[in-house]
Structures are given as structure tokens and as C-alpha cells.
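A.B. asks: sequence first, predicted model second:
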Amino acid sequence: MKRKLNIFFVFLLINVTASAQYSYQRKLSEVTHTGWYRFAIPPAMLTKVKPNFDDLRIYTTGNDSTEIPYLVRIAADEIIREQVKTEPFNISRQGTTLYFSVKLNQVEPVNLATLHFEQDNYDADVTVEGSNDQKEWFNIQTGRIISINKAPVSYKYNQINFPESAYTFLRFAIKNNTALTLSQVNFYQTRTTKGNFSEVGSTLSTKTIDKQSELFVQFDQPILLSRLSIAAAANQLFYRNVAIDWLYDSIVSETGTHYQYQSLYSGVISSFKQDTVSFTPQVVRKIRVTIYNADNPPIQVNKILAWSPQVEVLTHLQPGAYELKYGNTNAFAPNYDLEHFVKELPDSLPELQVSTELKPEQILKPEPTPWFKNKLWMWGALAVIVAILGFFTMRMLRE
């Protein structure tokens, strides 16, 4: 019994604390019609709200007892890839050039192919042609595929993108220095919904120590980062392992300042194409890009481009005034039914504006209410009643 009462008191305390301690507040523009709305999260809020926006709440102005459900949408690219079954035929070779054809299903057009060969190392040019009668062929796309499997480098880029077309047949020509043997080819239909990104200004500094280059990117203010592009100088040939970390803490000691980083991304960059890497969005102020050079000279990097996705909140509102509250370390992620109905929401929504952060004197104090209607009195009375019951229960148990 005593353990159950202790748990109840802790639960009661957490709920009272979580509902009372929101450090920051902003207003939404007035809502005049019932319906779905959206508003963007200002960048200045990112450092004050919990990760994943767990402590963000929407209330009717002057009434913080009932939460307004909402959804957070990060406007990143959405790529849908569906495999389309079609088999290659007329596989042939002329010199070191490999040819094969496929017949397209016009109901499910393809625009991406991944090529697999028995060989592990190649650097080949690919030409894609289209035809309706297999007699006259028209060029659709040219590209390059590459695979390196020589320690310590392991790198592969074996996909070719081409536009959807009305041709009945496609023919691939793969030209390599040595003859390649096709082991498998997969075809896909891909559809990409572009996200809403904004390029972020930054300052770049570099240093090279022990066969690795460290590039430090400092942003003017904390940003939500999800995409990074390393722009290297032209006429460089390289395949390098890379790690991207973000600065999350620093410790000052007698020996100086020690910086602590957490991982954002690890992989390979190459001169084959300008690499744009994507990762889980993270609020950062400074990042470190480490390029492992092995026995090669350092890569000359002209600049690093960073993009921040727009963060939107979707909610259904009635006419009236609303406010945002955030900055509560004790708050838990809300559990709203809306998360199960993402696909049911309209694509185009009217946008609300978010005010600047309110200063303490700008936050309107509610009019005093009779003590018997005041929530604090109600919570206090409840706590006293529970305490009295707990006291007499413990006394009876001891007897």
C-alpha cells in the first residue's frame, strides 16, 4: 500500500510540474474559419524546444487545460521506389562493349536501373537508347558507373537514371576497358517529392593531421541540418572515407577546452560526382567533417554547402486565438490520434504566422478566479486529502 501511494505522489508531482513549467510562449495569428492550418517553426525556437519537439504544445489563449492535437512535418525529400519486373534479352558483346535490351510495360514505366556484374572492379560508360521496332534506336541517356573493391577502398555506384519515355524497347550499351559479364539488372519506377530546403550560410576552417583532413563548419546560429554537400576543386581524382560529426558539448579544464562530438554520417565521397549526403535532421551550431586520406594528398575543398529543411506544424483549429508553449524538460511526447491519419490531411493548407517570443511582461495573466474554481486550490486540496488518507492507512497497517 505504501509503495502504491508513493508511486501516486510521484505521478501527481510529475503531472503538476509538467503542466506548469513551460518557459517560452508565442502567439499564432488569429483563426477566423474552422479548418486545417499549418505554420512554420522559427529557427530561433530550435534550441529551446526538446528534440523531436516533444514539449511543443498548442493551447487556446487563456486556457491551458486542453491541448490542441498537431503533427510535425519536416519537409525533406520523399522518394518512392517500386521495382518493375522485366527481363533482359539479346545479351551480346562487341569487343569490350556489352549490350542488352528490355521490353517495357507501358503501365509501369521505368526510370532507374541498377546493374550488377560478376566483376568487382570497373569504370564503365553507359548509353541508354529507345526504340519501337528494334531497328531504329534513339539516344535517351548517357552515364557512368564505377566499382572499386581494392583495400582499403570499397566503393560502388552502379545505377543509371533516365527519363520515362513512350518507347517499347530500351537498349543498354556498357563500355568498359575490359569485357563485363552481366549477372543481374533490376528496374525501378521512382517518384520524388521535393522537400522545402533553405541553404544555410557558414564559415569553413580546415586542418590536416596524421593523414586525415578535418573541416570545421560553423553556423551563424543553431540550425536544423539534414543535408550536406562537399564541393571539391576540379581536376581531382579521389575515393575517400568520410565521417560527419556535430558538436554537442565542450568541457573546459586546466589543459584547455575539450570538444565532444556525436556522429551524423559516415560513408564514402568521390570525384565521380559531387556528393550530397542526407541524414536524420539534427539541431547543430558546429560540425566536423573528417576525410581519411590514407597515403594520398589532402583533397582541396572549395566550400561545404549545408541545407536546412523547413519544419511545419499541421493542426485543425476553430475560430479564435491560440498560443504555442515550449521549453519544458519534464514534458513527454504527446500521443495524438492524428499520427495515424497523415495521408488523410489536405496537401495545401493556409498558413498561420508565429509571433516573436513573448517577454514575461507580455504574457497576459489570467483574471483571478474564485478559490473553489482555481486549479491550484483543487490540486492542493486533492494532495491534502491523499496525504490524510495515506497517514491513517499507514497508522492502521502499523497497528
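C.D. replies: Looks like it arrived, so ask away.
A.B. asks: near Gln353, how many other residues are there?
C.D. replies: 10 (other Cβ atoms under 10 Å). (Each C-beta comes from the backbone N, C-alpha and C, glycine too.)
A.B. asks: how far away is it from Arg171?
C.D. replies: Distance of Gln353 to Arg171, given as Cβ to Cβ, to the nearest Å: 55 Å.
A.B. asks: ok, now Val284?
C.D. replies: In this view, Val284 and Arg171 are 47 Å apart by Cβ to Cβ.
A.B. asks: for the longest strand seen in the chain, buried residues please.
C.D. replies: If you go by DSSP state E, the chain has its longest strand at strand 212-232. With burial defined by 16 or more other Cβ atoms under 10 Å, the residues of strand 212-232 counted as buried are 212-213, 215-217, 219, 222-228, 230, 232.
A.B. asks: out of these, flag the one nearest to Leu358.
C.D. replies: Pro222 (20.1 Å; Cβ to Cβ).
A.B. asks: measure the closest one to Pro281 for me?
C.D. replies: Distance, Pro222 to Pro281, by Cβ to Cβ: 12 Å.
A.B. asks: name the next helix or strand downstream of the strand or helix carrying Ser263, please.
C.D. replies: Ser263 is part of strand 256-270 when elements are defined by DSSP states H and E. On the C-terminal side of strand 256-270, the nearest following helix or strand under DSSP H and E is strand 276-292.
A.B. asks: and the angle for that following strand with strand 212-232?
C.D. replies: Relative orientation of strand 276-292 versus strand 212-232 (axes from the mean of the first three to the mean of the last three Cα atoms, to 10 degrees): 150 degrees.
A.B. asks: quick one: mean pLDDT for the helix of greatest length in the chain?
C.D. replies: Looking across the chain with DSSP state H, the single longest helix is helix 375-398. Regarding helix 375-398, the rounded mean pLDDT is 75.
A.B. asks: ok, now stretch 72-82?
C.D. replies: 82.
A.B. asks: the strand holding Ser263 packs against which elements?
C.D. replies: Other helices and strands packing on strand 256-270, by 3 or more Cβ pairs under 8 Å, 6 or more residues apart in numbering; DSSP states H and E, are strand 153-157, strand 212-232, strand 239-253, strand 276-292.
A.B. asks: partner strands of it and their direction?
C.D. replies: strand 239-253 (antiparallel) (DSSP bridges).
A.B. asks: average model confidence for the strand it pairs with?
C.D. replies: So the average pLDDT for strand 239-253 ends up being 88.
A.B. asks: and that strand, how far out from the chain middle?
C.D. replies: Distance of strand 239-253 from the chain centroid (Cα atoms, centre = their mean, to the nearest Å) equals 19 Å.
A.B. asks: and it, what's buried?
C.D. replies: Within strand 239-253, the residues that count as buried by 16+ other Cβ under 10 Å are Tyr239, Arg240, Asn241, Val242, Ala243, Ile244, Asp245, Trp246, Leu247.
A.B. asks: neighbour count: Val284 and Arg171, which is higher?
C.D. replies: Applying other Cβ under 10 Å to Val284 and Arg171 shows that Val284 carries more neighbours, namely 22 against 19.
A.B. asks: wait, the more buried one sits on Phe216?
C.D. replies: No - counting by Cβ atoms under 8 Å, Phe216 is not a contact partner of Val284; they are 11.9 Å apart.
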